[in-house]
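A.B. asks: A structural model of the following input is requested.
(3 chains)
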Amino acid sequence: MADRVDVSEPFQAPAQQREAAMMGMFVFLGTEIMLFGGIFTAIFVARLLHTEQVVEASKRMHVFIGGINTAVLLTSSLAVALAVHSARARKARRSAALLAGAALLGLAFLGLKAFEYWEEYRDGLLPIFSDPPRFSTPAEHLFMNLYFLGTGLHAVHVTIGIVLLTGVAVRLVLNSLRLPDRTVVVEASGLYWHLVDVIWVFLYPALYLAR
Amino acid sequence: MTETLAREPGPDRTNLNDRGLSETQSERQSYLRAGHTLRSWLLTTDHKRIAILYLISVTLFFFIGGAAAALIRLDLLTPQGDLLSNEGYNRAFTLHGVIMVWFFLIPSIPNTFGNFLIPLMIGARDLAFPRLNLLSWYIYLLGGLFTLFVLIGGGVDTGWTFYTPLSSMFANGHVVLVAAAVFIVGFSSILTGLNFIVTVHKLRAPGMTWGRLRLFVWSHYATSLILVLATPVLSITLALMAAERLFGLGIFDPKLGGDPLLFQHLFWFYSHPAVYIMVLPAMGVVSELVAAAARKPVFGYWFVAGSSIAIAVIGFLVWGHHMFVAGQSMYASAVFSFLSLAVAVPSAIKVYNWTATLQKGQIALDPPFFFAMSFIGLFVIGGLTGLILSMLAIDVHVHDTYFVIAHFHYIMVGGTVSAYFGALHFWWPKMVGRTYSFVWGRLSAIFIFFGFNLTFFPQFILGYLGMPRRYHVYDPAFQVFHVLSSAGASILAIAYVMPFAYLLWSMRYGDAAGPNPWGATGLEWTVPSPPPKHNFHTIPVVTEQPYNFPLERKEDG
Amino acid sequence: MTAFRQLIFVWAILQGLLLVTVAGSFLLSGFPSVALSFGVAFAKAALIFWFFMHLREESGLLRLAAIGAGAWLLILLILSGADYATRAMSG
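C.D. replies: Modelled structure (predicted):
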């Protein structure tokens, strides 16, 4: 079935425009990987320089909360992948529902994270906020700083992702995002969310599973 | 390719009703006249207009950074610190570095000439993401605004390199604000690089294979790879430093077991590739200027194209050469030293190829050629001294001396700024539709070359003799070299202002340029000067190799 | 297998890998532990990129763009790691 798909300047063909949008998104995701790369490098170096203390500090992390959060994000990723699948099949409402579900799971992630920070705050392990701080070694303090910065930056990205997915879901429901022309918007937003998931997939072992 | 010194009818200067603007036919239909309101400029998505917006902004920052340089050179006329206080001197060189690196050098060629020319050169109507392009400019301005606030607020004294623990723990001044400014302008860089990459991949005209791309486009593509891969690391590094400073979240704090050198690893992982961001576009410009001046295809096209990619890749592997004496392990330093020698090879390949291009060419001694020659000569000196610095054993003695300062100014100022002016003189007729006085053009190239060498050559000697960098109080034995250097700087300053005079003059009084005033090859020379808003009436189909100059010219008989 | 079923299946494998990596953190230590936890992380990331992000349907160029940054990050990690690993060695 031939659909009239709009092409905006300077593109000549819809496929060209879609490929450009996807490529742009993947390049952007690459920049996000490099951004978090700085934090991963700092964690890596801390582990090289203070192996035992970092392992000890990592053992005091809430492995199961982190694990549940990982499962939550992986499930939200599934929801997004299914949402993209639905959008490609032109099922706007189903896609919107799945995106909304993913966003809710994202909120659940943030909620668990907040709970975790609260526990750490009470245990005297949350940098800046815990007063008095009760780090067993200076290296644990360093490690918790990195934990706070890494998961904090990640949480900012999760929040952006939630807003993005919700926005796309709303536009699908209100019919202001026409499928199939603008399927790429759902796809590109989905890519962002998946990357947020991938970053967590690496943050979890780096911070929680150092043994 | 049409032969071309054909001129179109010039502006009618006697017609007082011509809105007082003496326009040519092409100008009336050009992108410059597509909309007269401020809004049409500030909300444009036309890559050509955005290029002009950048041209104006980078020029403004060039002068601000230059003013800081003037303060430095004035203070250094005497061995005592009498013009500026110690704090003041630190703030002067910091601001000079911050502004020149991030607000002039990095955007200078890519965001003006890259923006203007890449779509034209590949046969497209615009970049892949025109609105993102405009956003890049606004983000750049926002970063610039933050920097101006810092400047007015008294500045920062850490050096443009923001080393910890000085920046994160001890410095006075608006460190976080300037870090924020650089963080913000980083996004402008990232979006520009993203835009160029997707544009080159997806918007090439039919028949424009990678092997038919202009070398200017190849070098901007390589630059864009660096922009997107390296800049985010700078962003996170500055954020970590600011977090340590603002919130006490010590990452680099030795008391917690952090390593201040980690900051340097992360900082230079970006900042070394950043210098290739500054020089690769300039090399792309030189390839174009040399081919056009010699009226010959560039010798060894694939070597020149490949060397751009090689420089971009190897450039990521050498950053430790900034840290030879900082506490880095000797073994890692040896590895970085070796890799730094390797990165010189592709640069040298380009110089050989440009020289071979000129051989048996019919060289036209026009202003762009003068600037290209200036680049090649000064870049060779800068590059050779770079090789000297990458030798671990030598760097131990000249690290943090004026030798280093002279080296990088030869590349960035002798090299990039020469190429920037060369590009300005070459593509000015295309951008505004008028030609300018070649006599003045050649004169400013000569004065710039002379002033530059007088400014910076004595600095090699100073560094070799042991004058440290970032000091304004020095042993009186060094004074004669500083005086020579400052004298050169004053000549350079005048020489840099000269082009503004005759180029701006040409916009009103210059002869109409016509589509191809240089007789060069390339798609941008097939459209009118200045180009219409949508570049091409119909998207061209490319069937020929680039630089396909005719083997013989009519004049040769 | 329909696309829908396939995505669920991938999800199940991902959760399984999660269980493996958590269990591994209790059972292993030192280098084997690092190898397992990051090996699993890479496997999960590969699955997410290939199936959830639809890289299996995209061009080679896009696949390259997707993993390019990861490769680049390795440069940062390896070369700075080389410094830290060899600092204690005097000579």
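A.B. asks: CA atoms for contacts and neighbours, from now on please.
C.D. replies: Will do.
A.B. asks: so B:F113 sits right up against B:A51, yeah?
C.D. replies: Yes. With contacts counted by Cα atoms under 8 Å, B:F113 reaches B:A51, the gap being 6.8 Å.
A.B. asks: Count the neighbours of the residue nearest to B:Q328 when sequence neighbours are not counted for me.
C.D. replies: Leaving aside its chain neighbours, B:Q328 sits nearest to C:D83 (6.1 Å; criterion: Cα to Cα, 6 or more residues apart in numbering or on different chains). Applying other Cα atoms under 10 Å in any protein chain shown, we find 21 residues neighbouring C:D83.
A.B. asks: my read: C:D83 touches B:G327, true?
C.D. replies: No. Using Cα under 8 Å, C:D83 makes no contact with B:G327, being 9.5 Å away.
A.B. asks: Find residues that contact each of the two.
C.D. replies: Between them, C:D83 and B:G327 share no contacting residue under Cα atoms under 8 Å, 6 or more residues apart in numbering or on different chains.
A.B. asks: What strand or helix carries the residue minimising distance to the centre of chain A?
C.D. replies: Central residue of chain A (Cα atoms, centre = their mean): A:V196, 2.2 Å from the mean position. Taking DSSP states H and E as the criterion, A:V196 maps to helix A:183-208.
A.B. asks: With chain C in mind, check whether that helix reaches it.
C.D. replies: Yes. Applying Cα under 8 Å from any Cα of the partner chain, one finds helix A:183-208 touching chain C at A:G190, A:L191, A:H194, A:V198, A:V201, A:F202, A:P205.
A.B. asks: Return the residues of chain B in contact with chain C.
C.D. replies: Within chain B, the positions near chain C by Cα under 8 Å from any Cα are B:L229, B:H265, B:F269, B:F316, B:L317, B:Q328, B:S329, B:M330, B:Y331, B:A332, B:S333.
A.B. asks: Greatest separation within those residues: which pair is it?
C.D. replies: B:L229 and B:M330 (27.3 Å; Cα to Cα).
A.B. asks: Could you check which of those two is surrounded by more residues?
C.D. replies: Comparing B:L229 with B:M330 by other Cα under 10 Å, the one with more neighbours is B:L229, at 27 against 18.
A.B. asks: can you tell me which residues contact the more buried one?
C.D. replies: Contacts of B:L229 (Cα under 8 Å, 6+ apart): A:G30, A:T31, A:M34, C:A69, C:W72.
A.B. asks: I'd say the fourth one and A:G37 touch.
C.D. replies: Just to be clear, that refers to C:A69. No. Taking contacts as Cα under 8 Å, C:A69 lies outside contact range of A:G37: 9.3 Å.
A.B. asks: if we can go back for a sec, same for the helix holding A:V196, what does it pack against?
C.D. replies: Judged by 3 or more Cα pairs under 8 Å, 6 or more residues apart in numbering or on different chains; DSSP states H and E, helix A:183-208 is in contact with helix A:14-49, helix A:51-59, helix A:63-88, helix A:138-173, helix C:30-47.
A.B. asks: helices or strands up against the longest helix seen in chain B?
C.D. replies: When chain B is parsed with DSSP state H, its longest helix is helix B:260-294. With contacts taken as 3+ Cα pairs under 8 Å, 6+ apart, helix B:260-294 sits against helix B:106-107, helix B:215-247, helix B:301-314, helix B:330-358, helix B:367-390, helix B:418-432.
A.B. asks: would you turn the helices and strands packed on helix A:183-208 into TSV with distance to chain B and mean neighbour count?
C.D. replies: As requested, the helices and strands packed on helix A:183-208 are arranged in TSV below (distance: least, Cα to the nearest Cα, whole Å; neighbours: other Cα atoms under 10 Å in any protein chain shown):
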stretch	distance to chain B	mean neighbour count
helix A:14-49	5	21
helix A:51-59	10	20
helix A:63-88	22	23
helix A:138-173	5	20
helix C:30-47	20	18
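A.B. asks: now those in a markdown table, with mean pLDDT?
C.D. replies: Compiled in a markdown table, the helices and strands packed on helix A:183-208 are given as follows (pLDDT from 0 to 100):
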| stretch | mean pLDDT |
| --- | --- |
| helix A:14-49 | 95 |
| helix A:51-59 | 95 |
| helix A:63-88 | 96 |
| helix A:138-173 | 97 |
| helix C:30-47 | 95 |
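A.B. asks: Compare those and report which one is nearest to B:F103.
C.D. replies: Closest to B:F103 of those is helix A:14-49 (Cα to Cα; 20.8 Å).
A.B. asks: B:R212: what's it in contact with?
C.D. replies: Contact partners of B:R212, counting by Cα under 8 Å, 6+ apart, are B:E544, B:Q545, B:P546.
A.B. asks: right, and the last one touches B:T521 too?
C.D. replies: The one in question is B:P546. Yes. Shown here, B:P546 and B:T521 form a contact pair, counting by Cα under 8 Å, at 7.2 Å.
A.B. asks: More neighbours: which of those two?
C.D. replies: Applying other Cα under 10 Å to B:P546 and B:T521 shows that B:T521 carries more neighbours, namely 25 against 19.
A.B. asks: Give me the phi and psi for the more buried one.
C.D. replies: Main-chain torsions, B:T521, degrees, to the nearest 10: phi -110, psi 150.
A.B. asks: Give the closest residue to it in space, chain neighbours not counted.
C.D. replies: B:Y547 (5.5 Å).
A.B. asks: What is the burial count for that neighbour?
C.D. replies: By the criterion of other Cα under 10 Å, B:Y547 has 22 neighbours.
A.B. asks: show me what contacts it?
C.D. replies: B:A291, B:K296, B:P297, B:V298, B:A520, B:T521, B:G522.
A.B. asks: Could you point out which of the residues you listed is nearest to B:A181?
C.D. replies: B:A181 lies nearest to B:G522 out of the contacts of B:Y547, by Cα to Cα, at 37.9 Å.
A.B. asks: how far away is that closest one from chain C?
C.D. replies: Noted for B:G522: a distance of 27 Å to chain C, by Cα to the nearest Cα, to the nearest Å.
A.B. asks: likewise A:S95?
C.D. replies: Separation of A:S95 from chain C (Cα to the nearest Cα): 13 Å.
A.B. asks: That residue belongs to a strand?
C.D. replies: No. Assigned with DSSP: H, G, I helix; E, B strand; the rest coil, A:S95 falls outside any strand and is helix.
A.B. asks: what sits up against stretch A:37-47?
C.D. replies: So stretch A:37-47 is contacted by A:54-55, A:139, A:142-143, A:146, A:149-150, A:203, A:206-207, B:233, B:236-237, B:251, B:257-258, B:262, B:266, C:73, C:76-77, C:81, C:84 (Cα under 8 Å, 6+ apart).
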